[in-house]
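Asks: Fold the following and give me the result.
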Amino acid sequence: MNRKFLITGAIFGLLAVIIGAFGAHGLKPLLDEAARESFETGVKYQMYHALLLLLVAGFKQRSFRFQKSIFFLLLFGVICFSGSIYLLATNNLTPVNFKGIALVTPLGGTLLIAAWTILLIEFVKIKPK
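Replies: Modelled structure (predicted):
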């Protein structure tokens, strides 16, 4: 499972840098300030959670249920949250209207919050030495 966390974290991090650079340079003249800020928010959250995946990979062996829950919540949370923000921020650049997926953003955010909540609960369970 740690390998899966490491690979996914590295992919999310790599894509955050690429997408962020594309947004900052390629999309800058095409997007208004609000859309650029929104796009940047998606990149930041993707990178934060890429780093979290790498961090969780280094935890001492936790239960399979914990690992599986955190992995899938972060995976789908980032895809839904950041992915929908990328599409919504660039909506005016394509013939496809992505405004219909606007509810996917809070769903993704909820999945990310759930992952952090499970992480907190797991930390609280650690017995002090």
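Asks: The residue nearest the centre of the chain: which element?
Replies: Centroid check for the chain by Cα atoms, centre = their mean gives residue 78 as the closest residue, at 2.7 Å. For residue 78, the host element (DSSP states H and E) is helix 64-89.
Asks: Buried ones in the helix or strand that that helix is followed by, by neighbour count?
Replies: Next in sequence after helix 64-89, counting helices and strands by DSSP H and E, comes helix 104-125. By neighbour count on 16 or more other Cβ atoms under 10 Å, the buried set for helix 104-125 is 104, 105, 108, 109, 111, 112, 115, 119, 122. Any C-beta I mention is one placed from the backbone N, CA and C, and that applies to glycine too.
Asks: Now render these as TSV, adding pLDDT and distance to residue 32.
Replies: As requested, those are exported to TSV (pLDDT from 0 to 100; distance: Cβ to Cβ, whole Å):
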residue	pLDDT	distance to residue 32
104	96	22
105	96	18
108	97	23
109	97	23
111	98	29
112	98	26
115	97	32
119	94	36
122	89	42
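Asks: out of those, who's nearest residue 12?
Replies: residue 112 (12.2 Å; Cβ to Cβ).
Asks: what's around the closest residue to that closest one other than its chain neighbours, how many residues?
Replies: Closest residue in space to residue 112, ignoring its immediate chain neighbours: residue 77 at 3.9 Å, by Cβ to Cβ, 6 or more residues apart in numbering. For residue 77, the neighbour count with other Cβ atoms under 10 Å is 22.
Asks: which residues touch the residue nearest to the centre of the chain?
Replies: Residues counted as contacts of residue 78 (Cβ atoms under 8 Å, 6 or more residues apart in numbering) are 12, 45, 46, 49, 50, 108, 112.
Asks: can we see that at 7 Å?
Replies: The contact partners of residue 78, taken as Cβ atoms under 7 Å, 6 or more residues apart in numbering, are 12, 46, 49.
Asks: Thanks a lot, catch you later.
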